[in-house]
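Engineer: structure, please.
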Amino acid sequence: MPVGSAATSERAESSLFAAEGWWEDPGTPGIYRDDIWHDGNYHLKSQCGRFVPPNNWDTDSATSPCIDAGDPTSEYINEQQPNGGRINIGRYGNTREASSSTNITWPIAGDCNGDCHTNVLDLIYIRNRLNSDPTKVENRKAEVNGDAKINILDLIYVRTRLNLICR
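Structural biologist: Numbers count the residues shown, from 1 in each chain. Now for the predicted structure:
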């Protein structure tokens with residue numbers, strides 16, 4: 001398929017991936033060994049946030065229907081907040097690179113103790129877990145800024161979001 005064809009961009013738009021991979025035919029129909037594969041970015045598009053390697057986040061104008069659409073019995077605890085309380089479909093479901101949910105009632109980013117408010121209790125929650133292993137179940141909610149560490153940056157993250165309340 002020619003580079004930049006209507007079919008290629010239509011397919012990428014309907015999939016709601018950040019960027020779909022594609023084959024480039026250098027103009028030799030019938031000779032497939034010289035075709036070139038261009039890798040895509042298969043993070044799901046999200047209006048609330050999508051991971052952009054190596055360690056950034058971006059927002060999109062649309063949200064993939066695959067967000068929060070996975071098996072309701074599957075784990076989703078590794079997905080960053082807000083995660084909608086259900087695993088995303090796709091390669092990045094239940095990973096720290098999972099796209100953020102638009103279905104936000106609870107939890108809200110920074111609400112570590114689940115009381116539907118970001119307040120001093122959340123700061124205490126993080127303080128009590130500083131420098132702990134964020135992969136342990138009891139510490140996961142204290143890692144709120146997405147850097148895979150529990151440190152002063154998590155405290156700062158919550159401090160800038162104090163007094164948020166769930167809808």
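
Engineer: element containing the most centrally placed residue in the chain?
Structural biologist: Centroid check for the chain by Cα atoms, centre = their mean gives residue 99 as the closest residue, at 2.4 Å. Under the criterion DSSP states H and E, no helix or strand holds residue 99.

Engineer: test my guess that it contacts residue 43.
Structural biologist: Yes - with contact defined as Cβ atoms under 8 Å, residue 99 reaches residue 43; the gap is 5.9 Å. Heads up, the C-betas are built off the backbone N, CA and C, glycines and all.

Engineer: what is in contact with the two at once?
Structural biologist: 50, 51, 92 (Cβ atoms under 8 Å, 6 or more residues apart in numbering).

Engineer: from those residues, pick the one nearest residue 81.
Structural biologist: residue 51 (13.5 Å; Cβ to Cβ).

Engineer: which ones are touching that closest one?
Structural biologist: By Cβ under 8 Å, 6+ apart, the neighbours of residue 51 are 43, 57, 92, 96, 97, 98, 99.

Engineer: mind doing that once more with 10 Å?
Structural biologist: Residue 51 makes contacts with 18, 41, 43-44, 57-58, 80, 92, 95-100, 146, as judged by Cβ atoms under 10 Å, 6 or more residues apart in numbering.

Engineer: nearest residue to residue 164 other than its sequence neighbours?
Structural biologist: In space, and not counting its chain neighbours, residue 164 is closest to residue 118: 4.5 Å by Cβ to Cβ, 6 or more residues apart in numbering.

Engineer: any weak-confidence spans in this protein?
Structural biologist: 1-15, 103-107, 165-167 (pLDDT under 70).

Engineer: filter the contacts of residue 51 down to the buried ones.
Structural biologist: For those, a burial check counting by 16 or more other Cβ atoms under 10 Å picks out 18, 43, 44, 57, 80, 92, 96, 97, 98, 99, 100, 146.

Engineer: now the residues you listed in CSV, with secondary structure and distance to residue 137?
Structural biologist: Converted to CSV, those look like this (DSSP: H, G, I helix; E, B strand; the rest coil; distance: Cβ to Cβ, whole Å):
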residue, secondary structure, distance to residue 137
18, strand, 30
43, strand, 25
44, strand, 25
57, strand, 24
80, coil, 16
92, coil, 20
96, coil, 15
97, coil, 19
98, coil, 17
99, coil, 23
100, coil, 21
146, coil, 18
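
Engineer: can you pull out the helices in the chain?
Structural biologist: 6-15, 120-127, 152-159 (DSSP state H).
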